[in-house]
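In: A structural model of the following input is requested.
(one chain, ligands or ions: 2)
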Amino acid sequence: MTTATKSGSAKSDKDRVVIFDTTLRDGEQSPGATMTHEEKLEVAELLDTMGVDIIEAGFPIASIGDFEAVSEIAKNAKNAVIAGLARAIPGDIARAGEAVRHARRGRIHTFVSTSPIHLEHQMRKSEAEVLEIITATVMQARNLVDNVEWSAMDATRTPIDYLCKCVETAIAAGATTINLPDTVGYAVPDEYRRMFKAIRERVPNSDKAVFSVHCHDDLGLAVANSLAGVEGGARQIESTINGIGERAGNAALEEVVMAIKTRGDVMPYWCEVESTMLTRASKLVSAATSFPVQYNKAIVGRNAFAHESGIHQDGVLKHAQTYEIMTPESVGLKQTSLVMGKHSGRHAFQHKLKDLGYELADNQLQDAFVRFKALADRKKDIYDEDIEALVDQEIAQAHDRMHLVSLTVIAGTHGPQRATMKLNVDGKMRIDEAEGNGPVDAVFNCIKALVPHEAKLELYQVHAVTAGTDAQAEVSVRLSQDGRSVTARGSDPDTLVASAQAYLSALNKIVMKKQRDMPVAAAGH
Ligand code: KIV
Ligand code: ZN
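Out: Residues are numbered from 1 along each chain as shown. Ligands and ions are numbered 1, 2, ... in the order given. Model (predicted):
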């Protein structure tokens, strides 16, 4: 059978690869990447719009917040299948089933470890016991939804004979997708390809399920392994935007999609993700998690399409393909010559945002424009990086309950340094002052005086957004409380204001998370 793809060309259905995004589950699980409820909804909406086939929206048993996010995403999704993760425990499966109940298309994704090291040291179960668990839990999930994914955690370190038995058991119990993760990022591509080939050949009922790859990037091989798994017969790729995820992260969705799209000459596969929305997705996830995207990151890094050396620039000017294997436009990056300054109007600002890959709601656009005007009054040249920092802050702070109103700091050689701050907390003004061992300490002490809290500061980092002494400072702050850490950024030409913004933004996230969450369990990875 063939299908007409979005680009109009006819492709064989057997080569269709479905894209499963786990940014909101495996991605959000990585330390510091916590997103608020509203941010999760926004990310899910974008993933749905850009043609991601399956969105793993969270781990419903983990907390009330996770449950609420999965249920609301399930209700809102227009096209994508919405999956909820569950351990091989009846309570987890029931909760995941409840969370995806209202989805037009819901999936329960249940997993259990299969490798000897996990069975012996973590689960303390025999192989036979695990086979029984697989049957019982997959059957329970199938009684709740038609669409059940079963994962063999640590599949790549599981002896193939036992893995075959597990897969056969899961399919016999009703699993419709079989995921064989490289949980610890240990596999190399050919080995991973051969594992899928062997399983598909040896498991008698393998034709009844779709096979899936899920790769971690501990050796930097996650994308290569994912593509090798597809060559071995898998037709679902699990990935995250910007490659965020446990430890070194997961396979990056944007890299997988562009590799498939760009190398059709050697890989006949295709997927339905709209690649021109990749830049926007990357920026949204980076802003929501406050995880910066490394400058030289493939596809979405700031330098991914920049040509610095004279020879390269000369070549690209003569013929773009001399040094460009894909166009910036194909990933949603527009070449722009629009220079921004204090005379730029709302329309030009909106145009610039679009070129940079952002799309804001009307109220967010208005607030960002006001901030832009304020910045342009203080800083002569406004670079793209300035606008990116400003908009990222706008996205991250859109639902905050505490806002900085004013800050005055006395610093210099004669300490102690002193900060006076006014905050708007839920619409009420609070003012206080505090001393500190240096101006940053004074600012943070002042926030503690205004909003008493237990969170610990884990990271404080400053970098200049652009060159020049009038450059904006971008400050990253990571706070942790109750075993959960959150990261946030703030930017301003005044480093102390940026520090206060970043700290407050992280504190807002903790407060909002606490309101929703009642931690019950920790997920796998
Ligand atoms: O890496 C892993 O094994 C996982 C499973 C829960 C699918 O994330
Ligand atoms: Zn994982």
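In: Quick one: the helices in the stretch 51-200 of the chain, in order.
Out: 64-76, 90-99, 116-118, 127-144, 160-173, 189-202 (DSSP state H, counting those that start in this stretch).
In: Also the stretch 351-500 of the chain?
Out: 362-378, 384-397, 439-450, 495-516.
In: For ligand 1, find the nearest of those.
Out: helix 495-516 (21.2 Å; CB to the nearest ligand atom). In this view, the C-beta of every residue, glycine as well, is placed from N, C-alpha and C.
In: Only the buried residues of that closest one, if you could.
Out: In terms of neighbour count (16 or more other CB atoms under 10 Å), helix 495-516 has its buried residues at 495-513.
In: in the stretch 201-350 of the chain, which spans are helices?
Out: Going by DSSP H, counting those that start in this stretch, the stretch 201-350 of the chain shows helices at 222-231, 253-262, 278-289, 310-318, 346-355.
In: What is the third one packed up against?
Out: Meaning helix 278-289. helix 37-49, helix 253-262, helix 384-397 (3 or more CB pairs under 8 Å, 6 or more residues apart in numbering; DSSP states H and E).
In: As CSV, these with distance to ligand 2, mean neighbour count and mean pLDDT would be great.
Out: What follows is the helices and strands packed on helix 278-289, written out as CSV (distance: least, CB to the ion, whole Å; neighbours: other CB atoms under 10 Å; pLDDT from 0 to 100):
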stretch, distance to ligand 2, mean neighbour count, mean pLDDT
helix 37-49, 17, 21, 96
helix 253-262, 14, 23, 98
helix 384-397, 25, 22, 88
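In: Run through who's touching stretch 505-518.
Out: By CB atoms under 8 Å, 6 or more residues apart in numbering, the residues outside stretch 505-518 that reach it are 34, 36-37, 63-66, 68, 290, 393, 396-397, 399-402, 447, 451, 453, 455, 477-479, 481-482, 484, 486-490.
In: out of those residues, which are buried?
Out: Of the contacts of stretch 505-518, these count as buried by 16+ other CB under 10 Å: 34, 36-37, 63, 65-66, 68, 290, 393, 396-397, 400, 402, 447, 451, 455, 477-479, 481, 484, 486-490.
In: burial measure for the residue nearest to residue 441 when sequence neighbours are not counted, as a count.
Out: The shortest distance from residue 441 to any non-neighbouring residue, by CB to CB, 6 or more residues apart in numbering, is to residue 417 (7.2 Å). Look at residue 417: counted by other CB atoms under 10 Å, it has 21 neighbours.
In: Pairing partners for residue 417 in the sheet, please.
Out: Residues in a beta bridge with residue 417, per DSSP bridges, are residue 436.
In: do residue 18 as well
Out: Going by DSSP bridges, residue 18 forms beta bridges with residue 236.
In: Which residues are in contact with it?
Out: By CB under 8 Å, 6+ apart, the contact set of residue 18 is 53, 54, 210, 235, 236, 237, 271.
In: swap the cut-off to 10 Å and go again
Out: 52-54, 81, 177, 210, 212, 234-238, 271-273 (CB atoms under 10 Å, 6 or more residues apart in numbering).
In: just residue 383 next, same as before
Out: 339, 340, 389, 465, 466, 467, 468, 471, 472.
In: Just send those back as TSV, with distance to residue 296 too.
Out: What follows is the contacts of residue 383, written out as TSV (distance: CB to CB, whole Å):
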residue	distance to residue 296
339	25
340	25
389	19
465	18
466	18
467	19
468	23
471	21
472	22
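In: Quick check: which ranges of this structure have low pLDDT?
Out: In the predicted model, the chain carries pLDDT under 70 at residues 2, 4-9, 308-309, 313, 335-338, 518-525.
In: Can you spell out the domain ranges of it, please?
Out: With domains defined by automatic domain parsing, the chain comprises 9-289, 336-396, 402-516.
In: Can I get those in a markdown table including distance to residue 312?
Out: Formatted as a markdown table, these follow (distance: least, CB to CB, whole Å):
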| stretch | distance to residue 312 |
| --- | --- |
| domain 9-289 | 19 |
| domain 336-396 | 20 |
| domain 402-516 | 22 |
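In: quick one: which of those is nearest ligand 1?
Out: Nearest to ligand 1, of all the domains of the chain, is domain 9-289, at 3.5 Å by CB to the nearest ligand atom.
In: is it possible to export the domains of the chain to a markdown table including distance to ligand 1?
Out: Below are those laid out as a markdown table (distance: least, CB to the nearest ligand atom, whole Å):
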| stretch | distance to ligand 1 |
| --- | --- |
| domain 9-289 | 3 |
| domain 336-396 | 26 |
| domain 402-516 | 18 |
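In: quick one, which of those domains is packed in tightest?
Out: domain 9-289 (a mean of 21; mean count of other CB atoms under 10 Å).
In: Check the offset of that domain from the chain's centre.
Out: Distance of domain 9-289 from its chain centroid, counting by CA atoms, centre = their mean, to the nearest Å, is 14 Å.
In: Please apply the same query to stretch 440-454.
Out: 30 Å.
In: Could you do stretch 492-503 as well?
Out: Worked out by CA atoms, centre = their mean, stretch 492-503 lies 25 Å from the chain centre.
In: Tell me if I'm right that residue 379 and residue 342 touch.
Out: Yes - counting by CB atoms under 10 Å, residue 379 does reach residue 342; the two are 9.0 Å apart.
In: Please identify which of the contacts of residue 18 is nearest to ligand 2.
Out: Set against ligand 2, the nearest of those by CB to the ion is residue 238 (7.6 Å).
In: For residue 329, which non-adjacent residue is spatially closest?
Out: In space, residue 329 is closest to residue 276, 7.0 Å off (CB to CB, 6+ apart).
In: now residue 305
Out: Closest to residue 305 by CB to CB, 6+ apart is residue 328, at 4.3 Å.
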